[in-house]
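Q: Could you look at this predicted model? Sequence included:
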Amino acid sequence: MAFSLLDTAPAAALYTLGILVPLALLYLSHQVAFHPLSAYPGPLIAKFTNAYGAFHVVRRCMHLATYNDHLKYGSVVRLGPNRLVFNTATAVHDIYSNARVNKGHSYSYVNRSGNPSMWSTLDRETHHRKRKLVGPVVSERSMRAFEPIMSAAMDVFLRQLLESSQQGRLVNMTERCERLAVDIVGLLAFGYPLNTQTEETNKLVPDSLKNLSTLSTLIMAWPATRIVAPLVGWLGRKRAATFHLALRKMIGARMALPKDAKHDFYALATGETSPGEQGLNAAELWPEAVFFIAAGGGTVNTAMTASFFYLSRHSAVYAQLAEEIRTTFSSGREIRQGPRLAGCKYLRAVIDEVLRIAPASLAYTWREQDAASAAAGETLVVDGHVIPPGTEVAVNLYALLHNAEYFPEPFNFQPERWLAPEHETDQEREVRATMRRAFQPFLLGDRGCAGKAMAYLELSMALAKTIWYFDFEKAPGEAGKVGEGMPGRTGWRGNKMSFSCTTVLSSATTVQT
Ligand code: HEM
């Protein structure tokens, strides 16, 4: 019997190959020649598999690969079997500000608990309800009440900078900014002092969130990788358990207090939020808490760190900003939300330029035509292209915000581009209006960033206060090279004046000043 099996094995293998090879060829030729997206240019491998995107996510340079793909293939690129990416101002509006568009189905793969957050849910009603609850937490009005709490966390940041400067120590601003941003968002989420600036106990919270972000970015780039998520979860189970314990402690501590004891997410978005309206329930709190801290921590941290990076390398910009802050305010205490801070036009130009040159959100924010819209026979048109239903579309913010058509010399840090010249011609005004239209670091529409007002306030206060109290500069020697592009590397990563970002949902690398 064993002999006869061995005898027939080669023939069986041949038959199998005879079936598989034509099937594979059929699939490959369909993807290249007959697929509805076959006419769109892009890397050959991306026509067959989303592994192309995943490969660049693992290398943490998906945004750079996409930027280069746009240079090579044009303003629309096929980046996966059923995916198109764009880098134009029209596309960003057509996609993200469009009632026919919903979040792409890739988002559904990132929530493994079965209880999606407002960010990952595809269900419009659930999203609408949650957004209505979360909106007031991060609104300008809410920020007025929260500002003293934010200010107190910044005082810790400033005191620590003072201590370091008195001792003549170099400061790793990535770490300091990360700890500040996480402490602030922890206070807004659950009125809970994570105290990462002063203690190590909760440092695992931002670390674990970064790992979760990386995993989510990978899964969204190549949804097939979700099959390894349980294995990754198993390998990181000890860390995850400690992380969940920290979260439980935070939520438990807050729930033990009366609901209105603090001005935070818990007070504003849970229980009865207005007569007859129920806020988030206990099961919904978990995913929202995790997302909220990730959304508000990593992003602001990236922008803050990048601000210090660029300011320490552009002395003229630094001097002009210092002049504005030091002549507008007569004490650091005066730096708070209000018309004087909002009137600091150069500060706003610096922040906008940082958000453009080092966007905090680098990963793909996939969208697709809403199922109901497709069923009703409506068409989705992006930048003049009719998009077949089931196609995921996106604008990569890095590629858009470095598109030289809107932002001349895109790799140069030029806050002046955001300021109107004294005698602006009609043509110049039009160019600036187009640039503004393309400038969407928070995206737009009902799924755009809910925390934009908070982000601007936090960044404005942190930068203005630091500049008011301190002079800072790039560290000497090797330490000063941290975060810089390295000469010899390709593209702008070889540019010493460029801040090195990596592709995760929110990201930051290191800079020392
Ligand atoms: C520089 C700072 C920030 C930037 C650049 C930024 C950018 C973004 C972007 C691009 C999205 C859309 C993500 C997607 O579609 O997948 C988003 C969503 C969101 N952001 Fe921000 N963000 C920032 C800060 C914040 C802060 C401080 C908070 C609040 C604590 C926040 C809360 C949110 C929320 C709740 C969403 C989900 C909105 C929804 O799905 O309806 N963000 N943000």
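A: On my side now, so go ahead.
Q: Could you use CA atoms for every contact and neighbour count after this?
A: OK.
Q: Next up, the contacts around whichever residue of the stretch 201-350 of the chain sits closest to the ligand.
A: Per CA to the nearest ligand atom, the residue of the stretch 201-350 of the chain with the smallest distance to the ligand is Gly296, at 3.5 Å. Residues near Gly296 by CA atoms under 8 Å, 6 or more residues apart in numbering: 181-182, 185, 451, 455.
Q: and after the longest helix seen in the chain, which helix or strand comes next?
A: In the chain, with assignment by DSSP state H, the single longest helix is helix 282-311. Per DSSP states H and E, the first helix or strand lying C-terminal to helix 282-311 is helix 315-328.
Q: Get me the contact residues on the chain for the ligand.
A: Applying CA under 6 Å from any ligand atom, we find that the chain lies next to the ligand at 118-119, 131, 185, 292, 295-296, 299-300, 303, 360-361, 365, 441-443, 447-452, 454-455.
Q: Restricted to helices, list those.
A: Of the positions in the residues of the chain next to the ligand, 131, 185, 292, 295-296, 299-300, 303, 452, 454-455 sit in helices, assigned by DSSP H.
Q: can I get these in TSV with pLDDT and distance to Trp222?
A: Formatted as TSV, those follow (pLDDT from 0 to 100; distance: CA to CA, whole Å):
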residue	pLDDT	distance to Trp222
Arg131	93	27
Val185	93	30
Phe292	86	24
Ala295	90	22
Gly296	91	25
Thr299	93	23
Val300	95	27
Ala303	96	27
Lys452	95	29
Met454	95	32
Ala455	97	30
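Q: what's the most distant pair in these?
A: Greatest spacing in those, by CA to CA: Arg131 and Ala303 (24.0 Å).
Q: between these two, which one's more packed in?
A: Each of Arg131 and Ala303 has its neighbours counted (other CA atoms under 10 Å); Ala303 has more, 26 against 18.
Q: Go ahead and confirm the more buried one touches Arg356.
A: No. Using CA atoms under 8 Å, Ala303 is not in contact with Arg356, being 9.7 Å away.
Q: picking up where we left off before, looking at the contacts of Gly296, which two lie furthest apart in space?
A: Farthest pair in these (CA to CA) is Val182 and Gly451. Separation: 14.2 Å.
Q: who's more crowded, these two?
A: Neighbours per residue (other CA under 10 Å) separate Val182 from Gly451, with Val182 holding more: 29 against 18.
Q: residues contacting Leu218?
A: Residues counted as contacts of Leu218 (CA under 8 Å, 6+ apart) are 54, 57-58, 225.
Q: The same query, at a cut-off of 10 Å, please.
A: Counting by CA atoms under 10 Å, 6 or more residues apart in numbering, Leu218 makes contact with 51, 53-58, 60, 110, 212, 224-226, 363, 503-505.
Q: and if you look at Gln369?
A: By CA under 10 Å, 6+ apart, the contact set of Gln369 is 95, 98-104, 375, 378-381, 387-393.
Q: For the longest helix of the chain, buried residues please.
A: For helix 282-311, burial by neighbour count (16 or more other CA atoms under 10 Å) applies to 284-311.
Q: what's the answer for stretch 378-395, then?
A: Neighbour counts using 16+ other CA under 10 Å place 380-383, 387-395 of stretch 378-395 among the buried residues.
Q: In strands only, show me these.
A: Among those, the residues falling in strands (DSSP state E) are 380-382, 387, 392-395.
Q: What is the most widely separated pair among those residues?
A: Farthest-apart pair in these is Leu380 and Val395; separation 15.2 Å (CA to CA).
Q: and the residue in the stretch 51-200 of the chain that the ligand sits nearest to, how many neighbours?
A: Nearest residue of the stretch 51-200 of the chain to the ligand (CA to the nearest ligand atom) works out as Trp119 at 3.6 Å. Counted by other CA under 10 Å, the residues lying close to Trp119 total 20.
Q: Ok, Ala246 next?
A: When neighbours are counted by other CA under 10 Å, Ala246 registers 17.
Q: Which of the three states applies to it?
A: Assigned with DSSP: H, G, I helix; E, B strand; the rest coil, Ala246 falls in the helix class.
Q: Against Ala269, how distant is it?
A: 21 Å (CA to CA, to the nearest Å).
Q: How is this protein divided into domains?
A: Segmentation of the chain into domains, based on automatic domain parsing, reads 1-32, 35-510.
Q: so which of these is the most packed in?
A: With neighbours taken as mean count of other CA atoms under 10 Å, the domains of the chain reach their highest mean count in domain 35-510, at a mean of 18.
Q: the strands in the chain, which residues?
A: For the chain, the strands defined by DSSP E cover 76-80, 83-86, 101-103, 272-274, 277-278, 367-369, 380-382, 385-387, 392-395.
Q: elements contacting the longest one?
A: So that's strand 76-80. Applying 3 or more CA pairs under 10 Å, 6 or more residues apart in numbering; DSSP states H and E, one finds that strand 76-80 contacts helix 51-58, helix 62-73, strand 83-86, strand 392-395.
Q: Just send these back as TSV, with distance to Tyr406 and mean pLDDT too.
A: Listed next are the helices and strands packed on strand 76-80 as TSV, based on distance: least, CA to CA, whole Å; pLDDT from 0 to 100:
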stretch	distance to Tyr406	mean pLDDT
helix 51-58	26	91
helix 62-73	14	94
strand 83-86	14	98
strand 392-395	15	98
